[in-house]
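Visitor: Fold the stuff below for me.
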Amino acid sequence: DLLGLGSPSFIHAPPVSAPPSAVAMACQEGPARELLVRFAQERGGLLIHPYMGSTPVWRMALELHEASGVPVKVLAPPPPVTWVANDKELLTQVAQGVCSDAVLGSAPTPETLAGSSAKELASRLLELAGRHERVALKMTRCASAMGNEVFESQDVVSWDAERLLVEVERFLSEKEWKAGEPVLAVQWLDIQSSPSTQLWVPPLGEGLPTVDGVYEQLLEGEECVFLGSVPSRLGDEMDQRLSVASVRVARVFQELGYVGRCSFDFVISDGDAYFVECNGRWGGTSTPMHLLDRVFPKGRPAYRARDYLDARLAGVPFPQILEAIGDALYDHRTGQGSYVLYNVGCQALYGKFDVIALGDSIEAANRALEERLPALLERCTG
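Guide: Presented below is the predicted three-dimensional model:
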């Protein structure tokens with residue numbers, strides 16, 4: 001059922017309850033719809049490659065097919081499979097099933113217990129606090145660290161039952177939890193690095209999943225909010241361990257019908273690596289990686305990608321920002337320049353855009369991003 005109306009029983013909620021894709025919904029009406037229908041008819045078909053295989057995308061494809069009378073295909077997994085690939089509880093189960101031979105280290109995931117009520121989660125959190133220095137609650141389908149909260153175990157064990165339940169209920173309320181939906185209580189590790197693997201998953205029968213890159217994520221704060229990434233500096237042996245484990249899990253998703261871009265997030269603690277999240281979609285690391293593959297087809301240069309945020313840039317005309325950066329913008333015609341800007345839609349309101357800094361080394365790219373770029377943009381904020 002490509003529209004998610006008959007989801008498999010192992011999925012906790014139907015994909016139609018996922019946040020809708022505003023772009024896909026907007027393309028189903030008005031001039032955008034007319035343009036797509038006309039384009040599909042002129043070309044004899046249409047291929048849609050979305051950010052994520054959400055229900056609105058598949059509804060759009062079906063509607064365009066019916067309106068145009070020509071084939072319309074989607075390069076993404078059907079919604080039920082998208083739902084599975086973005087569920088942290090299911091990732092834990094799959095990783096423990098296919099990576100139990102210590103390819104990553106002592107265990108494929110941090111110790112994880114699921115609960116479906118505040119009382120059950122309080123019990124799970126207290127149990128884990130008796131074995132680990134820090135513990136956390138995690139929503140199963142929140143991007144980055146938006147669904148996490150970390151607790152010191154000494155606090156958890158010191159609270160009485162009523163206080164612990166209040167803390168759990170507060171967390172669930174803040175995360176707009178839906179009653180009965182599973183939430184994870186997890187061991188929270190002291191991490192030395194947070195790598196991610198970027199994979200491409202072809203249709204079943206057309207080859208194995210491939211690892212297109214291993215990266216170190218740049219995280220901020222105790223909850224580890226994603227800020228950007230750099231190519232891995234962890235060494236060939238660790239990169240290989242992460243890649244082998246990732247392909248094993250990706251093959252399970254492939255058997256279910258997953259197709260397209262997929263990434264896995266890990267944490268490294270005391271030399272062991274642990275799965276913590278799967279992103280069944282394009283993301284903050286895969287997007288700049290693939291962009292550079294298009295710009296530099298002979299091989300990626302050293303680079304760093306991240307969000308750039310300066311509230312003083314809100315309201316500044318974008319051409320003025322380009323003028324301030326000037327010749328430092330990368331020019332594919334000459335091969336000169338250090339910066340590639342993308343995802344600039346939030347700049348006008350919030351002063352935020354994404355940027356890739358290029359360099360002869362990752363260290364040089366870091367300097368270009370953290371030192372030179374703010375200096376160039378000062379002329380827009382003075």
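Visitor: rest of the way, CA atoms for contacts and neighbours
Guide: Fine.
Visitor: Which residues in stretch 53-69 does the neighbour count mark as buried?
Guide: The neighbour-count check on stretch 53-69 (16 or more other Cα atoms under 10 Å) flags 53-65, 67-68 as buried.
Visitor: residue boundaries of the helices in the stretch 201-350 of the chain?
Guide: Listed in chain order, the helices of the stretch 201-350 of the chain (DSSP state H, counting those that start in this stretch) span 236-256, 286-295, 318-325, 347-350.
Visitor: got CSV for those helices, with distance to L172 and mean pLDDT too?
Guide: Below are the helices of the stretch 201-350 of the chain laid out as CSV (distance: least, Cα to Cα, whole Å; pLDDT from 0 to 100):
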stretch, distance to L172, mean pLDDT
helix 236-256, 29, 95
helix 286-295, 30, 94
helix 318-325, 40, 95
helix 347-350, 29, 93
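Visitor: Quick one: those as JSON lines, columns for distance to W159 and mean neighbour count too.
Guide: Below are the helices of the stretch 201-350 of the chain laid out as JSON lines (distance: least, Cα to Cα, whole Å; neighbours: other Cα atoms under 10 Å):
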{"stretch": "helix 236-256", "distance to W159": "38", "mean neighbour count": "19"}
{"stretch": "helix 286-295", "distance to W159": "42", "mean neighbour count": "17"}
{"stretch": "helix 318-325", "distance to W159": "52", "mean neighbour count": "16"}
{"stretch": "helix 347-350", "distance to W159": "40", "mean neighbour count": "16"}
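Visitor: need those in JSON lines with distance to P79, can you?
Guide: Listed next are these as JSON lines, based on distance: least, Cα to Cα, whole Å:
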{"stretch": "helix 236-256", "distance to P79": "11"}
{"stretch": "helix 286-295", "distance to P79": "20"}
{"stretch": "helix 318-325", "distance to P79": "36"}
{"stretch": "helix 347-350", "distance to P79": "31"}
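Visitor: Show me the one of these that comes nearest G280.
Guide: Distance to G280, taken as Cα to Cα, is lowest for helix 236-256 among the helices of the stretch 201-350 of the chain, at 9.6 Å.
Visitor: Please work out which residues outside the closest one touch it.
Guide: Contact partners of helix 236-256, identified using Cα atoms under 8 Å, 6 or more residues apart in numbering, comprise 81, 85, 94-95, 98-99, 103-104, 197, 199, 201-204, 208-211, 214, 232, 264, 273.
Visitor: gap between it and the chain center?
Guide: Distance, stretch centre to chain centre, for helix 236-256: 16 Å (Cα atoms, centre = their mean, to the nearest Å).
Visitor: Send over it as PDB, restricted to the C-alpha atoms.
Guide: Coordinates of each C-alpha in helix 236-256 appear next as PDB, following Å, rounded to 0.1, in the frame of the first residue of the first chain:
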ATOM      1  CA  ASP A 236      40.700   3.400   8.000                       C
ATOM      2  CA  GLU A 237      40.000   0.700  10.600                       C
ATOM      3  CA  MET A 238      37.100   2.500  12.300                       C
ATOM      4  CA  ASP A 239      35.700   3.700   9.000                       C
ATOM      5  CA  GLN A 240      35.600   0.100   7.800                       C
ATOM      6  CA  ARG A 241      33.900  -1.100  11.000                       C
ATOM      7  CA  LEU A 242      31.200   1.600  10.700                       C
ATOM      8  CA  SER A 243      30.800   0.900   7.000                       C
ATOM      9  CA  VAL A 244      30.400  -2.900   7.400                       C
ATOM     10  CA  ALA A 245      27.800  -2.400  10.200                       C
ATOM     11  CA  SER A 246      25.900   0.200   8.200                       C
ATOM     12  CA  VAL A 247      25.600  -2.100   5.100                       C
ATOM     13  CA  ARG A 248      24.300  -4.900   7.200                       C
ATOM     14  CA  VAL A 249      21.500  -2.800   8.600                       C
ATOM     15  CA  ALA A 250      20.800  -1.100   5.200                       C
ATOM     16  CA  ARG A 251      20.400  -4.600   3.600                       C
ATOM     17  CA  VAL A 252      17.600  -5.300   6.000                       C
ATOM     18  CA  PHE A 253      15.900  -2.000   5.000                       C
ATOM     19  CA  GLN A 254      16.500  -2.900   1.300                       C
ATOM     20  CA  GLU A 255      14.700  -6.200   1.800                       C
ATOM     21  CA  LEU A 256      11.700  -4.200   3.100                       C
END
